[in-house]
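Asks: My questions concern the predicted model and sequence given below.
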Number of protein chains: 2
Amino acid sequence: MKAAIMGYGVVGSGVGNILLKNADIIAEKLGESIEIKYVLDLRDFPGDVLEDKLTKRFEDILEDSEVKLVCEAMGGTKPAYDFTKRLLEAGKHVVSSNKELVATYGYELLGAAKAHGVNYLFEAAVGGGVPILRPLWQCLAANHIEKFYGILNGTTNFILTKMYNEDMPFDEALALAQKLGYAEKDPTADIAGADVCRKTCILASISFGKHIDPDQVQTQGIQDINIRDVSYAKANGYEIKLLGYCRKLDSGKIDAIVSPFFVPKGNQIATVSDVFNGIVVVGDMVDEVFFYGRGAGSMPTASACVADLIDCAMHDKARKNFGWGARDAGFVENHSACQGSYFVRGEGDIHAVKAAMGDVTFLSLQGAPLNEVAFITQTETEGDLDRKLAGIPDFHISAKIRVLV
Amino acid sequence: MKAAIMGYGVVGSGVGNILLKNADIIAEKLGESIEIKYVLDLRDFPGDVLEDKLTKRFEDILEDSEVKLVCEAMGGTKPAYDFTKRLLEAGKHVVSSNKELVATYGYELLGAAKAHGVNYLFEAAVGGGVPILRPLWQCLAANHIEKFYGILNGTTNFILTKMYNEDMPFDEALALAQKLGYAEKDPTADIAGADVCRKTCILASISFGKHIDPDQVQTQGIQDINIRDVSYAKANGYEIKLLGYCRKLDSGKIDAIVSPFFVPKGNQIATVSDVFNGIVVVGDMVDEVFFYGRGAGSMPTASACVADLIDCAMHDKARKNFGWGARDAGFVENHSACQGSYFVRGEGDIHAVKAAMGDVTFLSLQGAPLNEVAFITQTETEGDLDRKLAGIPDFHISAKIRVLV
């Protein structure tokens, strides 16, 4: 079967590589080979092993009826959205690693795929090489998903691991991540949580059946995490992790958030360090399951793309589409109305804190200033918490971080 | 679509339960409902919610053309093998939680399914509720699997966790597991490793493409693990786990073993405690991925069975069968010819050990008798190791346990 790769960067070149290098196992699984007919990129790659497949014209792919499979690894929504839609409408299967595109236009593109009897698969868009979307959709199909939370961005997890294990300040850890090639020159999408937000939206859309847009999910990155908060976490049995978190509420709505969390040791998520990703899913029948692996990188991500290509080729015309419903503006609850527990650090008088906050767990840290007060709250809404905190006389808040419960 | 359940024990009743309780989500995913028409069991279940579906006649299911889906949760090979084969030949999809049947007759039954255009799926047979077979087959389809190792039996992992965390002797931990319902009255299949062996065979058959029979895999249980060895592990940064382990050798053959292992902390497998299961798979493109969850229990196991039923119903007539090749007697290498590292404990003179063994890492344990010598070997074949050990003058071996490297 003939395939095309759109975007010959880190992921796209990995896909090319795997299709060539592991052609034996692919042909064995599939009963036929997947042959690359085109590679679309505006750049030149002189001397590249796929140089003779390169084209700068999207129409070469679109108009070639021999091409049944397309891997979109361009990133961004323009022109990826337009290209993907036209390919699906032309009856070609499309697989993608593009989380921004899926998080924004997934509902529409899945609809186009269904209408034209083809597949739109994107296992690589969440968790890179970690199998998560297919297990979530297929293996947990008999479950109502109750919640999931995951470490979905390797760059920020690397930075947090350095801060935690080596007491390295944020700026230094970021600089090291950039030096090692884990973080972009402009690391904003990673650091500020936008990348995690997109992946959280995709997981939430599959888990809860309605399209969740990135603008519906309150998102906070790791840029404000202070090394002092890391020290408190370490001294009191917690890790600090940037999580995409989502759960079903009794009301039927969902609580979705991207934010740093204090994670108690003993939770599987606490074992995920460096650039690795990990996702916990809780279903009403299966209880807790956990998936772990390399969430980024050329080969792991491409491994997921090629698996999707194989699935499309294997079930050409026959695979039951998966999908989710349209956006529902009221489906995501206002996060400040949702119950949660928080780590709070500030300066003030511990007696005043006690009087205002009621039952909280005070944390200690050797060498902390005498007027520093840190504690973990009972479960309550963020709205209620903020009102109580505002009522503590002469208390200056330095940090407020969610706690995974 | 009409379904039947064969065997109304722990798993079968869970399947019935989920099909009733989560009918909404199943119908939503599938576009139609899965309706239980028969439950086959020789016992009576007066007052049970599915009492009116009970039958003692297999032929009721076999001969009813309305029944398209059958869940086999009988266990054992007789009469499960005969029943499954006849159902597949009659054009019915069969899903199974029966690891003994799949490990023994998987190749044959998959062939029967293929020949009659139906599916034979058994996600529940390995890892209970943990998604592992489908991710291994589909999500890692672009990879040559290099190795896998897993904690595949909750009973033995519970016992080892008690021995490790609470210094509980083996007999006491086993008695506790029995009291809590985690271990059978006759716990032999769990304790001696036969259950892990069957699951290892299924994983190996999928990973490496040839049917691996339980009699091809050297199997050792946990009954001989001494609390002293547990103490050495704890004092030197290791866990002790019963693993199913399999890797591809450079020769093209595989090394497969079921055995207790010293597992270095830091490995994801070391984080799996109590009755949980966890499996690490290493692919040449994706590197290491890890799956974790409840490996047994009514609802988690049934969750996997029902997911298979949904998959069969969703792709009735269209799903591409998966399978593996026939048994190849020479495919599994003699384990004693495979490289490995070992923990050895014995009584003798440390200087004699040093002289005979060359480069080994000696382990210390506070309070150990002066003539006790414990060490971890370099990587070598078990055959070579045994020859060297036999050559140490006056050295009495008390324990030899594999080390995960």
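Replies: Thanks, I have the structure now.

Asks: and stretch A:90-102, is it in reach of chain B?
Replies: No: counting by CB under 8 Å from any CB of the partner chain, chain B has no neighbours in stretch A:90-102; the shortest distance is 11.4 Å. Bear in mind the C-beta positions are built from the backbone N, C-alpha and C, glycine included.

Asks: Could you report the separation of residue A:378 from residue A:339?
Replies: 10 Å (CB to CB, to the nearest Å).

Asks: sorry, that was for residue A:252
Replies: Taken as CB to CB, the span from residue A:252 to residue A:339 is 16 Å.

Asks: Can you pick out the residue with more neighbours from these two?
Replies: residue A:339 (14 against 9; other CB atoms under 10 Å in any protein chain shown).

Asks: I figured the more buried one hits residue A:377, correct?
Replies: No: taking contacts as CB atoms under 8 Å, residue A:339 lies outside contact range of residue A:377: 10.7 Å.

Asks: For the stretch 101-250 of chain A, just list every one of the strands.
Replies: Under the criterion DSSP state E, counting those that start in this stretch, the stretch 101-250 of chain A contains strands at A:120-121, A:145-151, A:218-219, A:238-248.

Asks: can you list the domain ranges for chain A.
Replies: Per automatic domain parsing, the structural domains of chain A span A:2-129+A:298-314, A:133-294, A:338-403.

Asks: and the longest one, how far apart are its ends?
Replies: Spelled out, it's domain A:133-294. Distance across domain A:133-294, first residue to last, is 15 Å (CA to CA, to the nearest Å).

Asks: now the first one
Replies: Using CA to CA, one end of domain A:2-129+A:298-314 lies 13 Å from the other.

Asks: that's a helix at residue A:346, yeah?
Replies: No: using DSSP: H, G, I helix; E, B strand; the rest coil, the assignment for residue A:346 is strand, not a helix.

Asks: what helix or strand is the residue nearest to residue A:51 when sequence neighbours are not counted on?
Replies: Of all residues not flanking residue A:51 in the chain, residue A:45 sits nearest, at 5.7 Å (CB to CB, 6 or more residues apart in numbering or on different chains). Secondary structure assignment for residue A:45, by DSSP states H and E: no helix or strand.

Asks: Give the full set of residues in contact with residue A:45.
Replies: A:8, A:51, A:54 (CB atoms under 8 Å, 6 or more residues apart in numbering or on different chains).

Asks: which residues does the first one contact?
Replies: In other words, residue A:8. By CB under 8 Å, 6+ apart, the residues touching residue A:8 are A:16, A:39-41, A:43, A:45, A:48, A:50, A:54, A:73.

Asks: quick one: secondary structure of it?
Replies: With three-state DSSP as the criterion, residue A:8 reads coil.

Asks: So residue A:48: helix, strand or coil?
Replies: The three-state label given to residue A:48 by three-state DSSP is coil.

Asks: residues contacting it?
Replies: A:8, A:13, A:54.

Asks: For it, what are phi and psi?
Replies: With angles defined as degrees, to the nearest 10, residue A:48 sits at phi -70, psi 150.

Asks: From residue A:8, how far out is it?
Replies: Counting by CB to CB, the gap from residue A:48 to residue A:8 is 8 Å.

Asks: Can you report how many residues lie near residue A:225?
Replies: As a burial measure, residue A:225 scores 22 neighbours (other CB under 10 Å).

Asks: what's the closest non-adjacent residue to it?
Replies: Leaving aside its chain neighbours, residue A:225 sits nearest to residue A:260 (5.7 Å; criterion: CB to CB, 6+ apart).

Asks: Also residue A:114?
Replies: Once flanking residues are discounted, residue A:114 sits nearest to residue A:321: 4.6 Å by CB to CB, 6+ apart.

Asks: before we move on, what about residue A:353?
Replies: Nearest residue to residue A:353, sequence neighbours excluded (CB to CB, 6+ apart): residue A:373, at 5.2 Å.

Asks: and the helix or strand harbouring that neighbour, what does it pack onto?
Replies: For residue A:373, the element it lies in under DSSP H and E is strand A:372-377. Strand A:372-377 is packed against strand A:339-347, helix A:350-357, strand A:360-362, with contacts defined by 3 or more CB pairs under 8 Å, 6 or more residues apart in numbering or on different chains; DSSP states H and E.

Asks: per-residue confidence averaged over the second one?
Replies: Looking at helix A:350-357 alone, the average pLDDT works out to 94.

Asks: Please identify the buried residues of that helix?
Replies: Neighbour-count burial for helix A:350-357, counted by 16 or more other CB atoms under 10 Å in any protein chain shown, picks out A:353, A:356-357.

Asks: helices and strands around it, which ones?
Replies: Counting by 3+ CB pairs under 8 Å, 6+ apart, helix A:350-357 packs on strand A:360-362, strand A:372-377, helix A:382-390.

Asks: Also the longest one?
Replies: Using 3+ CB pairs under 8 Å, 6+ apart as the contact criterion, the secondary-structure elements in contact with strand A:339-347 are helix A:227-235, strand A:372-377, strand A:380-381, helix A:382-390, strand A:396-403.

Asks: Just want the angle from that strand to helix A:350-357.
Replies: Orientation note: strand A:339-347 sits at an angle of 160 degrees relative to helix A:350-357 (axes from the mean of the first three to the mean of the last three CA atoms, to 10 degrees).

Asks: What strands flank strand A:339-347, and is each parallel or antiparallel?
Replies: With DSSP bridges as the test, strand A:339-347 is paired with strand A:372-377 (antiparallel), strand A:380-381 (antiparallel), strand A:396-403 (antiparallel).

Asks: C-alpha coordinates for it, PDB please?
Replies: Output in PDB follows, covering the C-alpha atoms of strand A:339-347 (Å, rounded to 0.1, in the frame of the first residue of the first chain):
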ATOM      1  CA  GLN A 339     -13.300  20.200  45.300                       C
ATOM      2  CA  GLY A 340      -9.600  20.000  45.800                       C
ATOM      3  CA  SER A 341      -6.800  20.000  48.300                       C
ATOM      4  CA  TYR A 342      -4.000  22.600  48.200                       C
ATOM      5  CA  PHE A 343      -0.500  23.200  49.500                       C
ATOM      6  CA  VAL A 344      -0.200  26.800  50.700                       C
ATOM      7  CA  ARG A 345       2.900  28.600  51.700                       C
ATOM      8  CA  GLY A 346       3.000  32.200  53.000                       C
ATOM      9  CA  GLU A 347       4.300  34.600  55.600                       C
END
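
Asks: So which residues on the stretch 201-350 of chain A come close to chain B?
Replies: For the stretch 201-350 of chain A, the contact set with chain B under CB under 8 Å from any CB comprises A:209, A:268, A:271, A:283-294, A:299-300, A:302-304, A:306-307, A:310-311, A:314-315, A:318-320.

Asks: same thing but 7 Å
Replies: Counting by CB under 7 Å from any CB of the partner chain, the residues of the stretch 201-350 of chain A close to chain B are A:268, A:271, A:283, A:285-294, A:299-300, A:302-304, A:306-307, A:310-311, A:314-315, A:318, A:320.
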